[in-house]
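Build the 3D model from these lines:
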Amino acid sequence: MTLSEAFSSRPFADGSENAATRTLEPRRASGSGSRIWGAEAVQDVAPVSMTGVRQVESGGFRSLYTSVPGQHTATMRHGVIEMEPEADPLEEARLEAFTMGFDEGCRVTAQTHADASEAHERLTQALEMLSPAPSGMLSTMLSATVVRLVEQIVGEVEIDIERLVQRCDTVAAFIEDNQGKSALHLHPDDIALLEGESIGVSLVPDKALHRGCVRLETADGWVEDGPDVRLSRLRALMDDMEGKS
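Numbers count the residues shown, from 1 in each chain. Sure, this is the predicted structure:
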């Protein structure tokens, strides 16, 4: 605030407007070019308090409580730098989704690798089991399996009386000229089944024979028929196939 402003804004006792301007009219001293203020011009002027203001190098006065030029700007700038940026919910959601997707991808990849390794191991074991075995060994295994199955079937099948009689008649047909010197060997249980049947040859019990088997002995040799004979033929056929493989 300048002195002229302070004087012009001070009210005077006489109640007139701008009294200081009117009373402070300078007088020119006689015989000189200087102006002299009269005593009546300043008798009603009150002192102006200068507390709270100071002189500034650029001219005029500024309040002592006024901040230094640029201080607010520097303070605000400094505050913005130190302030932590506010978290963006969208960015946080994006990062969380990315992390979850990455973890799930790692889990799926590890599981896929484990499944592939397990499948490879199973395939390797299957190929080892299917590796070609020597032909002779395979043929022997097949022959033994077939014969064993047939023996089991024959052993479990009940004796058919009609088939047994038919076998006896077929074998007895070879001894028409040598009836007195021939004998038909059967298992004792089979002889009991043939009671009342007309075979035309004497029956001889033989426990060495399996049930269902018949053996005709003559002076020239012997003839037999039954499951044992057929099994022997089957073995011979299987051995022949094994030799050709």
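
measure residue 233 to residue 240 for me?
To residue 240, residue 233 is 11 Å away according to CB to CB, to the nearest Å. Yep, even glycine has a C-beta here, placed from its N, CA and C like the rest.

And the average pLDDT for the host helix or strand of residue 233 is what?
Residue 233 belongs to helix 227-244 when assigned by DSSP states H and E. Averaged across helix 227-244, the pLDDT comes to 72.

for stretch 171-187, same thing?
Computed over stretch 171-187, the average pLDDT equals 68.

what does stretch 101-110 give?
Stretch 101-110 comes out at a mean pLDDT of 92.

hang on, the earlier thing: helices or strands up against the helix holding residue 233?
helix 135-156 (3 or more CB pairs under 8 Å, 6 or more residues apart in numbering; DSSP states H and E).

Show me what secondary structure element comes after the helix it packs on.
From helix 135-156, the next helix or strand downstream (DSSP H and E) is helix 161-172.

Quick one: residues contacting residue 165.
194, 197, 199 (CB atoms under 8 Å, 6 or more residues apart in numbering).

so the second one sits in a helix?
Translated: residue 197. No: under DSSP: H, G, I helix; E, B strand; the rest coil, residue 197 sits outside any helix and is assigned coil.

So it versus residue 118, what's the distance?
68 Å.

Show me which of the two is the more surrounded one.
Legend: neighbour count by other CB atoms under 10 Å for residue 197 and residue 118, higher for residue 197 (13 against 10).

Tell me how far the more buried one lies from residue 185.
16 Å.

and what of residue 99?
For residue 99, the distance to residue 185 - CB to CB - is 92 Å.

Also residue 229?
13 Å.

And these two? Which one has more around it.
residue 185 (19 against 15).

The more buried one sits in which helix or strand?
Judged by DSSP H and E, residue 185 forms part of strand 183-186.

quick one: strands adjacent to that strand?
strand 203-205 (parallel), strand 214-217 (antiparallel) (DSSP bridges).

ok, and what's touching it?
So strand 183-186 is contacted by 168, 171-172, 194, 199, 201-206, 209, 213-217 (CB under 8 Å, 6+ apart).

Surely residue 169 is in contact with residue 199?
Yes: with contacts counted by CB atoms under 8 Å, residue 169 reaches residue 199, the gap being 7.1 Å.

Just checking, which helix or strand of this protein averages the lowest pLDDT?
Taking mean pLDDT, DSSP states H and E as the measure, the chain has helix 19-23 as its least confident helix or strand, at a mean of 45.

on that earlier part again, filter the contacts of strand 183-186 to the buried ones?
Buried members of the contacts of strand 183-186, counted by 16 or more other CB atoms under 10 Å: 168, 171-172, 194, 201, 203, 206, 209, 213-217.

out of those, who's nearest residue 95?
Distances from residue 95 to the buried ones among the contacts of strand 183-186, taken as CB to CB, are shortest for residue 213 (89.7 Å).

Without its sequence neighbours, what residue ends up closest to the closest one?
Spatial nearest neighbour of residue 213, excluding adjacent residues (CB to CB, 6 or more residues apart in numbering): residue 226 at 3.0 Å.

Phi first, then psi, for the one you found.
phi 140, psi -180 (degrees, to the nearest 10).
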